[in-house]
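Colleague: no letters, just coordinates:
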């Protein structure tokens with residue numbers, strides 16, 4: 001026997017498995033129908049030409065799941081698209097994309113336009129709606145003021161007196177927007193805000209929690225702008241620190257104390273320290289950390 005004949009590989013035997021091998025190499029063509037007949041009638045399974053024999057045995061052929069999946073999507077199993085097609089994005093990823101691409105609201109767009117054009121007269125016309133009896137109209141004006149206070153508060157200087165009055169408005173959104181606007185205005189135009197101090201301190205008792213928060217930030221802004229305002233505002237700030245709820249006391253302490261200097265600072269700090277034993281320990285600990293002091297151990 002020659003070496004060539006000795007090393008020649010034997011050909012695959014004909015039989016029931018030959019048809020399955022042929023079908024596998026051709027991309028599982030007819031695998032979904034021909035699997036059952038491969039064992040029953042070898043010649044019909046090998047040729048795949050007997051339509052009656054294809055449906056005789058309902059049992060699935062080898063690899064029928066893969067072929068069925070590809071056929072279900074309309075893509076042949078041997079196609080690269082069946083392997084390389086990426087899965088659809090997750091729901092949370094799609095939501096993040098929507099957030100990133102979210103267009104600005106109508107009020108944000110209007111605020112940017114007014115800021116770019118520096119149109120103070122248009123701002124005044126829109127601000128008239130803050131006192132409109134229709135809640136929806138007043139709310140839209142309040143949203144615009146809120147946006148302008150963040151984008152360009154300088155346009156709101158002529159409205160300081162109006163904001164001071166509206167701290168006791170029946171519309172809570174108008175109150176919140178007015179208070180939010182007064183805080184940056186106290187640093188931009190402190191003298192004009194200071195003229196409204198009698199009205200601002202008078203409205204303390206009648207405004208909302210958002211209004212009081214805005215007033216505290218406004219008073220602190222005045223003290224930061226000029227030390228001369230400290231003596232006038234010390235009673236109002238001490239009252240605010242003495243009345244604040246524990247969680248709000250944390251915020252106001254961090255706003256008020258850095259704005260004060262000298263004796264007014266020391267007296268305001270004393271008001272806060274006196275309250276620490278009487279408020280919940282977690283809030284007291286946060287304030288103590290800010291002040292750089294240690295709380296007394298709890299009594300057992």
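Modeller: Yes, it's here. Just so it is clear, the model here is predicted, and its values are computed rather than measured.
Colleague: surely residue 275 touches residue 249?
Modeller: Yes - assessed by CB atoms under 8 Å, residue 275 is found in contact with residue 249 at 6.8 Å. Bear in mind the C-beta positions are built from the backbone N, C-alpha and C, glycine included.
Colleague: joint contacts of the two?
Modeller: Residues touching both residue 275 and residue 249 by CB atoms under 8 Å, 6 or more residues apart in numbering: residue 241.
Colleague: looking at the two, which is more packed in?
Modeller: residue 249 (23 against 18; other CB atoms under 10 Å).
Colleague: need the contact list for the more buried one.
Modeller: Listed by CB under 8 Å, 6+ apart, the contact set of residue 249 reads 241, 272, 275, 279, 283, 287.
Colleague: and it, what helix or strand is that in?
Modeller: Taking DSSP states H and E as the definition, one finds residue 249 inside helix 246-256.
Colleague: pull out the buried residues from that helix.
Modeller: For helix 246-256, a neighbour-count test (16 or more other CB atoms under 10 Å) marks 246, 248-250, 252-253, 255-256 as buried.
Colleague: around the residue lying closest to residue 172 once chain neighbours are set aside, count how many other residues there are.
Modeller: Residue nearest to residue 172 in three dimensions, not counting chain neighbours: residue 208, with 5.8 Å by CB to CB, 6 or more residues apart in numbering. Neighbourhood size, residue 208 [other CB under 10 Å]: 15.
Colleague: give me the distance between the residue nearest to residue 206 when sequence neighbours are not counted and residue 179.
Modeller: Excluding the flanking residues, the one nearest residue 206 by CB to CB, 6+ apart is residue 168, at 4.6 Å. From residue 168 over to residue 179 the distance is 11 Å, taken as CB to CB, to the nearest Å.
Colleague: hang on, the earlier thing: can you add secondary structure, pLDDT and distance to residue 107 and give the contacts of residue 249 back as TSV?
Modeller: TSV is the format used below for these (DSSP: H, G, I helix; E, B strand; the rest coil; pLDDT from 0 to 100; distance: CB to CB, whole Å):
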residue	secondary structure	pLDDT	distance to residue 107
241	helix	97	34
272	helix	97	38
275	helix	96	39
279	coil	95	38
283	helix	96	35
287	helix	97	37
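Colleague: got a list of what residue 253 touches?
Modeller: When contacts are counted by CB under 8 Å, 6+ apart, residue 253 touches 241, 272, 287, 290-291.
Colleague: thought residue 189 was touching residue 160?
Modeller: Yes - with contact defined as CB under 8 Å, residue 189 counts as touching residue 160 (6.8 Å).
Colleague: if we can go back for a sec, per-residue confidence for the residue nearest to residue 172?
Modeller: For residue 208, the model assigns a pLDDT of 95.
Colleague: that one contacts residue 177, correct?
Modeller: No - counting by CB under 8 Å, residue 208 sits too far from residue 177 to count as a contact (11.7 Å).
Colleague: find residues that contact each of those two.
Modeller: In contact with both residue 208 and residue 177: no residue, using CB under 8 Å, 6+ apart.
Colleague: give me the neighbour count for residue 206.
Modeller: 9.
Colleague: any chance you could map the helices in the stretch 151-300 of the chain?
Modeller: With DSSP state H, counting those that start in this stretch as the criterion, the stretch 151-300 of the chain has helices at 160-165, 172-188, 190-194, 197-202, 209-225, 230-243, 246-256, 262-275, 281-291.
Colleague: show me what the last one is in contact with.
Modeller: For helix 281-291, the surrounding residues in contact (CB under 8 Å, 6+ apart) are 246-247, 249-250, 253-254, 269, 272-273, 276-277, 294-295, 298.
Colleague: nearest to residue 228 among those?
Modeller: Distance ranking of the contacts of helix 281-291 against residue 228, using CB to CB, places residue 269 first at 20.6 Å.
Colleague: was I right about the closest one contacting residue 257?
Modeller: Yes - using CB under 8 Å, residue 269 makes contact with residue 257 at a distance of 6.0 Å.
Colleague: what residue ranges in the stretch 51-200 of the chain score low on pLDDT?
Modeller: Residue ranges of the stretch 51-200 of the chain with pLDDT under 70: 51-101.
Colleague: check contacts around residue 234.
Modeller: Counting by CB under 8 Å, 6+ apart, residue 234 touches 260, 264, 267-268.
Colleague: now a ChimeraX select for only the buried ones of those.
Modeller: Selection of the buried residues among the contacts of residue 234 in ChimeraX, burial being defined by 16+ other CB under 10 Å:
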select :260,264,268
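Colleague: in a markdown table, list the contacts of residue 234 along with pLDDT.
Modeller: As requested, those are arranged in a markdown table below (pLDDT from 0 to 100):
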| residue | pLDDT |
| --- | --- |
| 260 | 96 |
| 264 | 95 |
| 267 | 96 |
| 268 | 97 |
